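Undergrad: Next comes the sequence, and after it the predicted model I'd like to discuss.
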Amino acid sequence: MKLVSKRSSRTRQKAFTLVEVMIGTTVTLLMMAALAVGFKRLGDSITEGRSKLNLNEKLRSASTIIRRDIEGMTIRPNPLGNSQMVGYLKYYDGPMTDYSATLATMNTSQTVPSLMLPDSRYGDTDDVLMFTCRAGVEWFRGKVPRAILKAVQNNAAGRALDTDITLIDWATPVMISSEYAEIVYHLQPRVEIDDVGGLGDPFGSAVPVPTFNDANGNGIPDEFVLHRRVLLIRPDLNIAGQLFWVDPTAAGNPTYYEQILAQEANTELGNMLGMRFAHTNCDLSIRRIPNSGDANFDVVAANSLDDLQHPENRFGHFQYPVLNASTTMPILALTKSLPYAKFTVGCVGNDEVSPMEFGCRAGFLHPFLGLGGYVGPNIGVVNRIGQDILTTNVLAFDVRGFDPLVNLYVDPGVDGTQNFGAYSTDDVVLSPNDPSYGFAINNYWPMGSSVPVIAGKGAFVDLNWGAKAMQRAAYFNDPANPAWRTPSAAEINDSRWFTALSGFSLNNFLASGSTTFLFTTDLYKSGLIVHSQTPPPSAGSMPINISQFHVYQPSFDSWSPHYEVDGKAQKKVAGSFGNIWINRQRDFGSSNDDTSSIDVNNAIQRSFAQVDSGTDGLDNDLLNGADDVLEKETSPPFALNMPAIQIVLRIEDGGTRMVEQQSIVYDFVSQ
């Protein structure tokens, strides 16, 4: 036997080298980083998805409410055929456009706009839409001071009106409802007026100046909020033609803020903001009753649908005092426009001096007319701030009308070659909503030399788009002076500028022999545009030489025929274009007379010495027979049957900065 010795064998383990350890660690870290990135992307995707859902829901909810209200409108937009209808429709188109903020952020030393624009997400933000509406199954609801209802009950029972009415009744809002309401949609920069007594003293002339939030100091508000003010139409709450009130100057009556009163309209601020205490705590459609006999206050009354056909009775309207005893026609109580509005319409002048000076009131509805906070002796603070906000973080609320005759042009693009909009070319179709539209009309192209061709007709456009397109072309030629300038005859003498909603009149331009008289007779006779008849000594404003004021508030309005039978004169005065309300201040207590200042010889506007010359049965101008349309003292600012309107609503998510936009189109012709 052969013996074999066994040697014990050991398993020899080989150790990792340093390089292997580093490689393994790196791979592990890369895997962890990949997982972290994946989880982050998953989280971001979930957050983005949720934000998009919330943003879409927010946009859809606001759009649904707007569409529902428009469908309940009591009137159709035909200013020449609404005599048998009740209520009204009006929308104001401010000087801003969808590209105003974009132009404002460019360097004015550049001759060609930069494409790197951090605030281009902002659109048109200063439009106002207001109309009367009939509710569906669910009636409109709002709040009024309990004292008003108690007074109505006392009157019905034959008791003294103030029986058992205390201070606390004025500070206690109660809910009421109505089938009809006056509805107002408007954007507002986020302002800080939520302090106690923020509306000022109703017995004093000083009114606090609201300032919007602007953290980065770029002149653009940090946030816009969309307000939906619902003002119930309840004329049944009137007692002997007015809402219940107590004379605050009578012996024994407290001077508290909660009364439904209006500051006397014989001062500028009292005229424009005298209704602020009535509006800030009362969801009623109300109007001022001037010359009530009290030295400090006018009373107010609840409107009916018929009352609201008269512009002076509508929410946010006032007449600015001019001359000795006259006022403007009813205009909106607006703040001055934001600084960057002048890049698209030269609405400047006295508004640069002080926010409370009249100047060019072409901005936003004054925030003091909205729901707010107020304080009264012995009752504490009542706060309704924010209760009329429909949605926040709004970037655009743009109301446009359909202009069937406006031209659409094909822009040849950077290559300068006209490809007639062929696929895969840089051609684009321009409408008046585009900043280059004015260049297209004047055949001036900074990027090319081809003359544009017409791609079609008809578009939703801003009111007075002619002034905006003209100003844009003027800005390009003179970026150091972005204010309004008088266009040359070569620029304006082109029929393509003159369509139903452009606001420009070829007949007036040709008849005047001057580029000063550009706007339509309808706009001038409505009193919504007023400016000097003499060209300004320097570019930059459209001033008027009486009381240093001018008006620029182009609006579509269903209007009212009552001006032609009211026994008062609505006329122009010497040295100006645009109608004012002669001696309207006399209704507020003024004893002066301005009849000697009336210009009765203007052949274009047909202003005659006779009051209500369009309904007096006489052929005052010896043309076209008695009481033809030229003999009327006033006119709707845009005298056409509006076929359709478009509302563009753009909202941003504050956290993710996502932006969503939706357009609401309502066709009045087929309804």
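TA: Here it is on my side, so go on. The model shown is predicted, which means the values in this text are computed figures rather than measured ones. Residues are numbered from 1 along each chain as shown.
Undergrad: tell me which residues of the longest strand along the chain are tucked away?
TA: Of all segments of type strand in the chain, defined using DSSP state E, the longest is strand 394-411. When neighbours are counted by 16 or more other CB atoms under 10 Å, the buried residues of strand 394-411 are found to be 394-403, 406-411. Glycine gets a C-beta too; all of them are placed from N, C-alpha and C.
Undergrad: Can you name the secondary structure element that comes next after it?
TA: Following strand 394-411 in sequence order, the next helix or strand is strand 428-430 (DSSP states H and E).
Undergrad: and the next helix or strand along the chain from that next one, what other elements does it pack with?
TA: Downstream of strand 428-430, the first helix or strand assigned by DSSP H and E is helix 437-441. Here helix 437-441 is seen to pack against strand 394-411, helix 465-477 when contacts are counted using 3 or more CB pairs under 8 Å, 6 or more residues apart in numbering; DSSP states H and E.
Undergrad: In terms of mean pLDDT, which of these ranks lowest?
TA: The minimum mean pLDDT among those belongs to helix 465-477 (a mean of 71).
Undergrad: would TSV of the helices and strands packed on helix 437-441 with distance to residue 77 be doable?
TA: As requested, the helices and strands packed on helix 437-441 are arranged in TSV below (distance: least, CB to CB, whole Å):
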stretch	distance to residue 77
strand 394-411	8
helix 465-477	18
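Undergrad: who wins for proximity to residue 643 among those?
TA: Proximity of these to residue 643 was assessed by CB to CB; the nearest stretch is strand 394-411, lying at 4.9 Å.
Undergrad: one step back: so what strands line up beside the longest strand of the chain?
TA: Strand 394-411 has its sheet partners listed here by DSSP bridges as strand 428-430 (antiparallel), strand 453-461 (antiparallel), strand 644-652 (antiparallel).
Undergrad: Would you mind writing the CA trace of it as CSV?
TA: What follows is the C-alpha trace of strand 394-411 in CSV, where atoms were taken according to Å, rounded to 0.1, in the frame of the first residue of the first chain:
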residue,chain,number,x,y,z
VAL,A,394,-54.0,87.1,-13.6
LEU,A,395,-51.7,88.2,-16.4
ALA,A,396,-54.3,89.4,-19.0
PHE,A,397,-58.0,90.3,-19.2
ASP,A,398,-58.4,91.5,-22.7
VAL,A,399,-61.8,92.4,-24.2
ARG,A,400,-61.9,92.6,-28.0
GLY,A,401,-64.6,93.3,-30.5
PHE,A,402,-64.9,91.8,-33.9
ASP,A,403,-64.1,94.3,-36.7
PRO,A,404,-65.2,92.7,-40.0
LEU,A,405,-63.3,95.0,-42.3
VAL,A,406,-59.9,95.1,-40.8
ASN,A,407,-57.1,93.8,-43.0
LEU,A,408,-54.8,90.9,-42.1
TYR,A,409,-51.4,91.1,-43.6
VAL,A,410,-48.7,88.5,-44.3
ASP,A,411,-45.4,89.6,-42.8
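Undergrad: burial of the residue nearest to residue 404 when sequence neighbours are not counted, as a residue count?
TA: What sits nearest to residue 404 in space, not counting adjacent residues and going by CB to CB, 6 or more residues apart in numbering, is residue 458, at 4.8 Å. Summarising burial for residue 458: neighbours were counted as other CB atoms under 10 Å, giving 15.
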